[in-house]
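Chemist: sequence unknown, structure follows:
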């Protein structure tokens, strides 16, 4: 089930007003907009989950993210939903599931959201006590964006991930 161009335009316009709205008002407007789509529509579930998440109601967002993903959420929204669900799970105290989701996502595809996947994976790894691995991931992602020193930083990032030799 696809959304219409008009619905997408109104959804984007609603998100553009996020900073100017009260949290409850924003969620209400998103519920109304999502309610225009058929029951069980994956995009409606994702946008509503995002609205709950963005207004600090992560526990209510999690089942909606799962519904959207289980229902076959298409396109960029699918990967965004994985990142957002993983981030929310980490914030709710489940960094292990968060890391599992993001590790699977890294192996699934590659696109413009790769660095977001990596960044949130690094946060989950820190919470799991795997700080060196997290730092290596973050530095490796950063190395692709530097105006120079790319190869050096990528090399050093790989070295950070190696275990510290016993003194």
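Modeler: Perfect, thanks for sending it. Here the structure is a predicted model, which is why all the values come from computation and not from measurement.
Chemist: mean confidence for stretch 134-153?
Modeler: When pLDDT is averaged along stretch 134-153, the result is 91.
Chemist: buried stuff in that stretch?
Modeler: By neighbour count, and taking 16 or more other CB atoms under 10 Å as the criterion, the buried residues in stretch 134-153 are 134, 135, 136, 137, 138, 139, 140, 141, 142, 143, 153. All C-beta spots, glycine's among them, are computed from the backbone N, C-alpha and C.
Chemist: close enough to count as contact, the second one and residue 119?
Modeler: What that stands for is residue 135. No: between residue 135 and residue 119 there is no contact, the gap being 12.0 Å when judged by CB atoms under 8 Å.
Chemist: circling back: which one of the buried residues of stretch 134-153 is nearest residue 73?
Modeler: Taking CB to CB as the measure, residue 141 is the one of these closest to residue 73, at 24.4 Å.
Chemist: check the nearest residue to residue 54 once chain neighbours are set aside and give its pLDDT.
Modeler: Taking CB to CB, 6 or more residues apart in numbering as the measure, residue 54 lies nearest to residue 18, with 6.6 Å between them; neighbours along the chain are not counted. The model reports residue 18 with a pLDDT of 97.
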